[in-house]
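[1] Could you work out the structure for the sequence below:
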Amino acid sequence: MVKLTASEKEQYLNELIEFLKIPSISADSAFSDQVKQAAQWVADALTKAGADGVKIVPTKGYPIVYGEKIIDPNLPTLLVYGHYDVQPPDPLDLWDSPAFEPVIKKTNIHPEGAIFARGACDDKGQMYMHIKAFEWMMLNDQLTCNVKFMIEGEEEVGSDNLEAFVREHKEELNCDIILISDTGMISNSQPSITTGLRGLSYMEVKVTGPNRDLHSGLYGGAVANPINILAKMIAQLQDDQNKITVPGFYDKVIPVSDHERKEMAKAPFDLKKYIASIDLADIHGEEGYTTRERQTIRPTLDVNGIWGGYTGEGAKTVIASEAYAKISMRLVPNQDWEEIGQLFEKHFRAIAPKSVKLEVTTHHGGEPYVTPIDNIGYQAAHKAYATSFGVEPFPQRGGGSIPIVPLFEKVLGVKSVLMGFGLDTDAIHSPNEHFGLFNFYKGIETIPLFYQNYTALSK
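    Take a look at the predicted model:
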């Protein structure tokens, strides 16, 4: 069993702090140089760790860093995926300390301390665990199989150029299993392994009424108000049981068995703490399902943004010419994101009155994904967590989406194992994002066990 020394922990943490200082914000072109700087930083770290053939591969966007260590072609090969880009830190005034000036602070959940910085958990901290685990295995002659690294810089903006890279480098990326740490676990005392991800279909709608903003006194009641119309249309997308009303939306949903639902229910979940953590009075969702089931095994439809008309200070009595909304749908296995987008557009057009014009735009999407628990990759991860934490991990479906995971299976023909070490409370994508030092070190100690287990199970 791997146990890091105090000096190793200090070294690895100091390196991560330097990495987190780089504002590799892929969504903002003003930070283009810094994103490329982060790619070079990763390449240097892989070289230092002992990887061969390290290269920074250009794409139409930001580059992909590749490196490998092939110790024996007859041994299994793991492909590690991660990303070095981060979300924008806005709103800046809600951070307790600057987003790119990492600080260590103790919290109730992280009594050993947590590192606060943008990207600490998503995904620099979790990705860097793999580089340091690899370095540790190289230094201690513990590498039991071949490993390849593919670290990209556009995950936070949709990974637009990753598919082309994977297809063009299919032979180079040939592997037996893909290992990813971009998810979380239940708690530091109760590990879990993400076995499923929801898909995503992301739409934008525009409702247009009159050819200009109108005086609400002169025209009110006589013409269609796009904002009123849009609100009514959105209200029709769910019924009184919070079920989505788009015809055909549920047709291909594969029901989760009662057995699996019972197994899911064994995982610890404190509903009162959940409600309190987001300052709500009660829960809300599709009838007939628990909160955890609504978060993971059921599809959803949510308005992510809605705007139109006058929103400035004071009053301006106008009927707006246009109204907009962004709408996302989280999908479950067997739902195709493009088909769902088409069903949504067809339905939304059907409920639009003739008094307005409608535009529907599909932004992006991704397919759902499931890793069977009888897969040897999952079994290797299960044993690794059980050894490292001293507690059997729970299989757990995730509510989020990682579109590149089903892409990997489609193009490379292999499964992915999602070994996350973050917590729901780590505030990823939010101000004061952080990653526990316990989690960072425990990840580095657990990953080599996965290598050992996977090699043994592959024989």
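[2] And residue 308, how far from residue 250?
    Note on residue 308: its distance to residue 250, by Cβ to Cβ, to the nearest Å, is 30 Å. Every residue, glycine included, has its C-beta placed from N, CA and C.
[3] er, residue 166 I mean
    31 Å.
[4] okay, those two: which has more neighbours?
    residue 166 (22 against 14; other Cβ atoms under 10 Å).
[5] Show me where the stretch 201-350 of the chain has its strands.
    Taking DSSP state E, counting those that start in this stretch, the strands of the stretch 201-350 of the chain run over residues 214-215, 300-308, 318-319, 322-331.
[6] For the first one, what is the distance to the chain centroid?
    Shown here is strand 214-215, whose average C-alpha point lies 43 Å from the average C-alpha point of the whole chain (Cα atoms, centre = their mean, to the nearest Å).
[7] again, but for the last one
    Using Cα atoms, centre = their mean, we find the averaged C-alpha position of strand 322-331 to lie 19 Å away from the chain's own average C-alpha position.
[8] try stretch 26-38
    The answer for stretch 26-38 is 20 Å, by Cα atoms, centre = their mean.
[9] What lies in contact with the lowest-mean-pLDDT helix or strand in the chain?
    When the helices and strands of the chain are scored by mean pLDDT, DSSP states H and E, helix 258-265 comes last with a mean of 85. Helix 258-265 has contacts (Cβ atoms under 8 Å, 6 or more residues apart in numbering) with 256, 290, 292-293, 296-297, 395-397.
[10] which two in those residues are spaced the farthest apart?
    290 and 395 (16.3 Å; Cβ to Cβ).
[11] which other helices and strands contact the helix or strand encompassing residue 18?
    Residue 18 belongs to helix 6-20 when elements are defined using DSSP states H and E. On a contact count with 3 or more Cβ pairs under 8 Å, 6 or more residues apart in numbering; DSSP states H and E, helix 6-20 meets helix 32-49, strand 114-116, helix 124-139, helix 437-457.
[12] Next, the buried residues of the longest one.
    Okay, so that is helix 437-457. 437-455 (16 or more other Cβ atoms under 10 Å).
[13] hang on, the earlier thing: turn the contacts of helix 258-265 into TSV, including neighbour count and distance to residue 65.
    As requested, the contacts of helix 258-265 are arranged in TSV below (neighbours: other Cβ atoms under 10 Å; distance: Cβ to Cβ, whole Å):
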residue	neighbour count	distance to residue 65
256	19	38
290	17	41
292	18	36
293	17	38
296	23	32
297	22	35
395	20	31
396	23	30
397	21	30
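[14] for those, which one is nearest residue 69?
    Nearest to residue 69, judged by Cβ to Cβ, of the contacts of helix 258-265 is residue 395 at 29.9 Å.
[15] Which phi and psi values does that closest one adopt?
    phi -70, psi 140 (degrees, to the nearest 10).
[16] which SSE is the closest residue in space to it that isn't next to it in sequence in?
    Once flanking residues are discounted, residue 395 sits nearest to residue 195: 4.5 Å by Cβ to Cβ, 6 or more residues apart in numbering. Take DSSP H and E as the rule and residue 195 turns out to sit in strand 192-197.
[17] What is the end-to-end distance of stretch 178-198?
    Terminal residues of stretch 178-198 are spaced 18 Å apart (Cα to Cα, to the nearest Å).
[18] Could you do stretch 406-424 as well?
    End to end - Cα to Cα - stretch 406-424 spans 23 Å.
[19] How many residues are close by residue 327?
    Residue 327, neighbours per other Cβ under 10 Å, totals 21.
[20] Please list the outside residues in contact with the strand holding residue 195.
    Contacts for strand 192-197 (Cβ under 8 Å, 6+ apart): 183-186, 267, 296-297, 333, 368-373, 378, 381-382, 385, 393-398, 400-402, 405, 417-420.
[21] among the residues you listed, which are in strands?
    Counted as lying in strands by DSSP state E, out of the contacts of strand 192-197, are 369-370, 394-397, 417-418.
[22] List just the one of the helices and strands packed on helix 6-20 that sits closest to residue 174.
    helix 437-457 (16.1 Å).
[23] relative to helix 6-20, how tilted is that closest one?
    Here the directions of helix 437-457 and helix 6-20 differ by 100 degrees (axes from the mean of the first three to the mean of the last three Cα atoms, to 10 degrees).
[24] Chain neighbours aside, what residue packs nearest to residue 181?
    Nearest non-adjacent residue to residue 181 (Cβ to Cβ, 6+ apart): residue 126, at 4.0 Å.
[25] Now stretch 271-289: buried residues?
    286, 289.
[26] Could you measure from the closest residue to residue 153 other than its chain neighbours over to residue 5?
    Nearest non-adjacent residue to residue 153, counting by Cβ to Cβ, 6+ apart: residue 62, 3.5 Å away. Residue 62 sits at a distance of 35 Å from residue 5 (criterion: Cβ to Cβ).
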